[in-house]
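>>> this is a predicted model, with the sequence first.
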Number of protein chains: 2
Amino acid sequence: MTIDAAVAELHTLLGKRLSRSKSDLDIHGRSESYFPLTPPDAVAYPESAEEVEALVRICAQHGCPVVGWGAGSSLEGHALATQGGVVVDFTRMDKVLQVNAEDMDVVIQPGVTREALNEELRATGLFFPVDPGANASLGGMAMTRASGTTAVRYGTMRDNVRALEVVLADGRRIRTGSRAKKTSAGYDLTGLMVGSEGTLGLVTELTLKLHGQPEAVSAAVCAFPDMEAAVNTVIMTIQMGIPMARIEFVDPNMAKGFNVYSGAGLPEAPHLFVEFHGSEDGMPGDVARFRELAEDMGASGFEWAEKSEDRSALWKMRHSAHYASLALRPGARALVTDICVPISRLAEAVEETRADIAAAPFPGTILGHVGDGNFHASLMFDEEDATEVAAVMDFSRRIVERALRLGGTSTGEHGIGIGKLDYMAAEHGDGWNVMGEIKRALDPQNIMNPGKVVRMN
Amino acid sequence: MTIDAAVAELHTLLGKRLSRSKSDLDIHGRSESYFPLTPPDAVAYPESAEEVEALVRICAQHGCPVVGWGAGSSLEGHALATQGGVVVDFTRMDKVLQVNAEDMDVVIQPGVTREALNEELRATGLFFPVDPGANASLGGMAMTRASGTTAVRYGTMRDNVRALEVVLADGRRIRTGSRAKKTSAGYDLTGLMVGSEGTLGLVTELTLKLHGQPEAVSAAVCAFPDMEAAVNTVIMTIQMGIPMARIEFVDPNMAKGFNVYSGAGLPEAPHLFVEFHGSEDGMPGDVARFRELAEDMGASGFEWAEKSEDRSALWKMRHSAHYASLALRPGARALVTDICVPISRLAEAVEETRADIAAAPFPGTILGHVGDGNFHASLMFDEEDATEVAAVMDFSRRIVERALRLGGTSTGEHGIGIGKLDYMAAEHGDGWNVMGEIKRALDPQNIMNPGKVVRMN
């Protein structure tokens, strides 16, 4: 069997760092989401780009699937070895290789997590802003084109990866991009790799852009009389160009979830969670403009978190949304949707989704990165109940259809994995075939994370 | 002959809008740069995406090269039909299709120029910031991943194209991206197309991001005692995070060129041309911080252009750099280089280049978008003098080698075309082969702008 032959050779290459223990396989067969346990045939723990290269060459020779694994925080089953093979766990490639403070960039291995990186950067006055909530690995974040609460200000991984080192399906190791801030030298291979979910290669090194820690930071929570007022506040804030570092919408159900999960004591009303980054001179004006606008729309109960620890508590609550949603129905599974629409269509998208949740046989929450037009509806369903499973899948299809109808995308930041594959044809038309043609050119054997993003035949 | 057969069919398709007149062929065989006249076999003037699609299908059938043409302002010969075939001139596809002010985006045809677009946007309070100097077409700017003076603040075309419609080599018309601000739905085909120089397809529609016209704008010119002081001011300005909308370096030779060409009356010293965009509250602080820093480095002679017409005059002078450089040696040709390096290596790159110009047998100027680490050395050489031609080519090779040695790129914004093709292997290694593999997958006949960006065999 080809996979067995590859695993045997990988064992020779990696020794104990090639694991077949049941517990290891199970850990690497689970996901944060509703997908069934899918253990791989083996888990590899490489420690260098050279080892990754050797590993991929062995797998290529035997036609054995290779699936990258960062922190396991994917929500769409990206890192599940659905066709068997080897999961490559990057935990041991977790070094920060260079901090180039003068150039505001950093060179790292893919297993570095965003929290570890920011810890390392703390004394430099710089930080890496992309924040998907989970303490994801930066390699994984690049591969899913992750973003999160701060994308409205600092962009997504697309905007913050300057260069990559990638091992391709045939074992060639290439560098894409450079440390220069811009280039017109040929196709943007860095951009092609970011968001490719490991289907075109394994990333062994990343050069990331850094940003200056803001001189002044202020965060606040405020409540709105209804969803429309909250969403319209967001739309007007963005359109007026008030520079927001974060602007997050929370629906009444989500507020209730925070209360249940962490005793937040929020009114069960729509909320915005906002953060401002700026200069001592400029920020107060931004804050005042936002506050005036929000109060005109009926906002009340402004709570300002000026101290760093108060802001941490605020965003810790926000980042607990997944578990806070689950707290609304203990024992349930969550299906988390991820549409993103043009901001002019946001109110419509949120309102239709709210009505859809109200009609559903299970509880649901809405929250999201509304400054980008991106929001998540989470549905807490009983995975043992076939009627609920069917209903949640219908809900998921409806919300994606809604996004496409409104000129948006099925996934703003979570990626395709196996969860969104069925929507790719509708979203991209022939463009999806073009993705398949690129995949075929770079991975004709289909060994790099097969079954994800594209279909090969 | 296959090209003739294609041209005959194209004549049936387009009638008078398929031109073979000598003057038309000559106009479309010239470039802004030092390349010899290269007239195509025919020039097509399509008026719709459907016509472009039909045109490409005819060319595909006959294996006839297809080369896109915007405003003819490329500096690297991108739009020259070096293997014959049809130049597709997008002049007649110059409609602004949708201005979505609420979403801060615009949908346009590729022949719209940046000045025409901004004229159209004037009343909306929005603008499109990417400014390469020339009044280029936006289709051409996307295809060369153009940038220019404002990239330090607003990014390049990579950052400002949200979605595209593209006709591929086999005539399929695809949409890449959407009007959503972000997506994780598969490979970033928009990013792959931007900068592909027409080698993967012809763009028939672009969705571009817009930005709010700044509340307050201020621009200034100041002189420095030496190049090091000017360059170090830039480096420190960027590292301190002072938000610059433009920060342009001008060497003493370039200042002289401006004096000769437009009677600028500048001292023959290094200068910075700067512009600030901000709020009425925040901008004065930014300006003061920059001024203090620059004066600490010896800057003098600050001239502030507060009025819109004074700023226009300032940037008109800056944008005349090409002609002002040529004015230093009437009748000469200019070779314009375009390296970009990490900003920590900028001083070294500029100083070595200055010394190289000083030793050259022809005059040269340095100016550039130094906030991004990108600058241009222009060499005014006699194209009839073989010694000078050889010397200018050696200079060009040395400056690219310098960029690569310092961790940079051969071209920050002008692109590859035919002028930089010889440097691609050194810059990208196997990555260049990967670009060729993608090209082969999407254009196996090599009809889309053949001979540019990649080598096919």
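Arrived safely. Residues are numbered from 1 along each chain as shown, chains lettered A, B, ... in the order given.
>>> just the helices in the stretch 51-200 of chain A please.
Under the criterion DSSP state H, counting those that start in this stretch, the stretch 51-200 of chain A contains helices at A:114-121, A:138-143, A:151-154, A:157-160, A:189-193.
>>> what residues does the stretch 151-300 of chain A put near chain B?
A:151, A:156, A:158-159, A:168, A:172-176, A:178-189, A:191-192, A:194-196, A:200, A:212, A:235, A:238-241, A:278-279, A:281-282, A:285-286 (Cβ under 8 Å from any Cβ of the partner chain). Placement of C-beta: from N, CA and C, glycine included.
>>> of the residues you listed, keep whichever come out buried.
Neighbour-count burial (16 or more other Cβ atoms under 10 Å in any protein chain shown) applied to those gives A:151, A:156, A:158-159, A:168, A:172-176, A:178-189, A:191-192, A:194-196, A:200, A:235, A:238-239, A:241, A:278-279, A:281-282, A:286.
>>> just checking, residue A:311 is part of a helix?
Yes. Assessed with DSSP: H, G, I helix; E, B strand; the rest coil, residue A:311 lies in a helix.
>>> relative to residue A:142, how far out is it?
Distance, residue A:311 to residue A:142, using Cβ to Cβ, to the nearest Å: 26 Å.
>>> neighbour count winner among the two?
residue A:142 (26 against 18; other Cβ atoms under 10 Å in any protein chain shown).
>>> hang on, isn't residue A:56 packed against residue A:66?
Yes. Under the criterion of Cβ atoms under 8 Å, residue A:56 makes contact with residue A:66 at 6.0 Å.
>>> quickly list what's touching both of these two.
Residues touching both residue A:56 and residue A:66 (Cβ atoms under 8 Å, 6 or more residues apart in numbering or on different chains) are residue A:202.
>>> re the thing from before, which of the residues of the stretch 151-300 of chain A next to chain B fall within strands?
Judged by DSSP state E, the subset of those located in strands is A:168, A:173-176, A:212, A:278.
>>> mean confidence score for stretch A:77-97?
For stretch A:77-97, the mean pLDDT works out to 97.
>>> list the buried ones in that stretch?
For stretch A:77-97, burial by neighbour count (16+ other Cβ under 10 Å) applies to A:77-91, A:93-94.
>>> and the pLDDT for the residue of the stretch 1-150 of chain A found nearest chain B?
Taking Cβ to the nearest Cβ, chain B has its nearest neighbour within the stretch 1-150 of chain A at residue A:102, 3.9 Å off. With respect to pLDDT, residue A:102 scores 90.
>>> ok, now which ones touch the closest residue to chain B within the stretch 201-350 of chain A?
Residue nearest to chain B within the stretch 201-350 of chain A: residue A:282 (3.2 Å; Cβ to the nearest Cβ). By Cβ under 8 Å, 6+ apart, the contact list for residue A:282 reads B:278-279, B:281-282, B:285.
>>> please redo it, this time with the cut-off set to 6 Å
Residues counted as contacts of residue A:282 (Cβ atoms under 6 Å, 6 or more residues apart in numbering or on different chains) are B:281-282.
>>> just residue A:161 next, same as before
With contact set as Cβ under 6 Å, 6+ apart, residue A:161 has these partners: A:142, A:194.
>>> quickly list what it is bridged to.
Here residue A:161 sits in beta bridges with residue A:208, as judged by DSSP bridges.
>>> same check, this time on the one 4 residues further on
On DSSP bridges, the residues paired with residue A:165 through beta bridges are residue A:175, residue A:205.
>>> can you classify residue A:379 as helix, strand or coil?
Using three-state DSSP, the structure places residue A:379 in strand.
>>> shouldn't residue A:126 be in contact with residue A:210?
Yes. At 4.2 Å, residue A:126 and residue A:210 qualify as touching, with contact defined as Cβ atoms under 6 Å.
>>> state the distance from residue A:364 to residue A:396.
Applying Cβ to Cβ, the value for residue A:364 to residue A:396 is 11 Å.
>>> over to residue A:29?
Counting by Cβ to Cβ, the gap from residue A:29 to residue A:396 is 23 Å.
>>> equivalent analysis for residue A:274, please.
Taking Cβ to Cβ as the measure, residue A:274 falls 29 Å from residue A:396.
>>> give me the more crowded residue out of those two.
Using other Cβ under 10 Å as the criterion, residue A:274 and residue A:396 rank with residue A:274 on top: 26 against 21.
>>> am I right that the more buried one is in a helix?
No. Counting by three-state DSSP, residue A:274 is located in no helix; its state is strand.
>>> flag the shaky bits of chain A, pLDDT-wise.
A:1, A:457 (pLDDT under 70).
>>> spatially central residue in it, please.
In chain A, the residue lying closest to the centroid (Cα atoms, centre = their mean) is residue A:146, at 3.5 Å.
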